[in-house]
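Chemist: Quick one, structure for this:
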Amino acid sequence: MEEFFHTLGQNLSRDIGMLVYVTMATFSALIFLLMWLFGHDDAGGDMDHDMSGGHDEGGGTKGLSLKNLLLFVTGFGIAAAIARYYGADHPLATLIGLLGGLALGTLGFLFFKAIYRQQISTDVNTNKLVGQTAIVIVRISPGSVGEIRATLVDGRSHVLRARSRSTEVLRPESMVKITAIDGGEAIVELS
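Modeler: Predicted coordinates:
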C-alpha cells in the first residue's frame, strides 16, 4: 500500500492531468460529504411556515441534483485518475472517467431514490379540513382553546387546536364542524 501511494505521488508530480482528476475527485467528494453531514437536502423545494399552505410536491430526488452531480464528478475523477495511473492516454482516461462518473452518479441517484421512497409525508393542508366534521378531544370553553381530531377522506387523522365562537361549552366526544382555519387553529361549531 505504501508503494501505491509513493507511485501515485510520483505520477501526480509528473502528470498534471492526473493531478486535475485527483483534485476533482477529492474536492467534489469533500463537498458531498460536508453536505451530507450538515444536512443539506436539495430534493424538496422551499420550506414554508404557513399552516394553511400545503405542499403537494411529492418529494424525492432529481437526476440533476447537486448531490448527484458531485457524485458524478467524484466518480469521473477517480476513474480517470486510475486509468492514468495504469497508463491510459488522456482521451481514453476521459472516456473511462465519464463511465465511472455515470456509474457513481447513477448509483447515487438510485440510493437516494430508495431513501426518499421510505419517507412519509406529514404535510397537512389544513384548508382541506374546512367543512369536515371532527370530534372534540379536549374541552373547548368559550374564549379558550381545546383540541379536536379530524379525519380526512384518505383516513389520516389530525389533532388540531380549536376555538369556538359559540357561548356554549363543547365537551369531549362532541361532534363539531370546522368552519375556518385561523392561524393554525380550527374554528368550530356544533354539528
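Chemist: Which helix runs longest in this protein?
Modeler: helix 90-117 (DSSP state H).
Chemist: could you say what helices and strands it packs with?
Modeler: helix 16-37, helix 66-85 (3 or more C-beta pairs under 8 Å, 6 or more residues apart in numbering; DSSP states H and E). Glycine gets a C-beta too; all of them are placed from N, C-alpha and C.
Chemist: Pick the most buried one from those.
Modeler: Of all the helices and strands packed on helix 90-117, helix 66-85 has the most neighbours on average by mean count of other C-beta atoms under 10 Å, namely a mean of 23.
Chemist: Also compute the angle for it relative to helix 16-37, please.
Modeler: 150 degrees (axes from the mean of the first three to the mean of the last three C-alpha atoms, to 10 degrees).
Chemist: Domain parsing of this structure, as residue ranges.
Modeler: Using automatic domain parsing, the domain parsing of the chain gives 2-117, 127-190.
Chemist: From start to finish, how long is the first one in a straight line?
Modeler: Distances were taken as C-alpha to C-alpha, to the nearest Å; on that basis the terminal residues of domain 2-117 are 42 Å apart.
Chemist: re the thing from before, what's the least confident stretch among the domains of the chain?
Modeler: Comparing mean pLDDT over the domains of the chain, the weakest stretch is domain 2-117, at a mean of 79.
Chemist: re the thing from before, mind putting the helices and strands packed on helix 90-117 into a markdown table with distance to Ser144?
Modeler: Listed next are those as a markdown table, based on distance: least, C-beta to C-beta, whole Å:
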| stretch | distance to Ser144 |
| --- | --- |
| helix 16-37 | 45 |
| helix 66-85 | 48 |
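Chemist: for those helices, which one sits closest to Pro142?
Modeler: Pro142 sits nearest to helix 16-37 of all these, at 51.4 Å, using C-beta to C-beta.
Chemist: The closest one: how far from the chain's middle?
Modeler: 23 Å (C-alpha atoms, centre = their mean, to the nearest Å).
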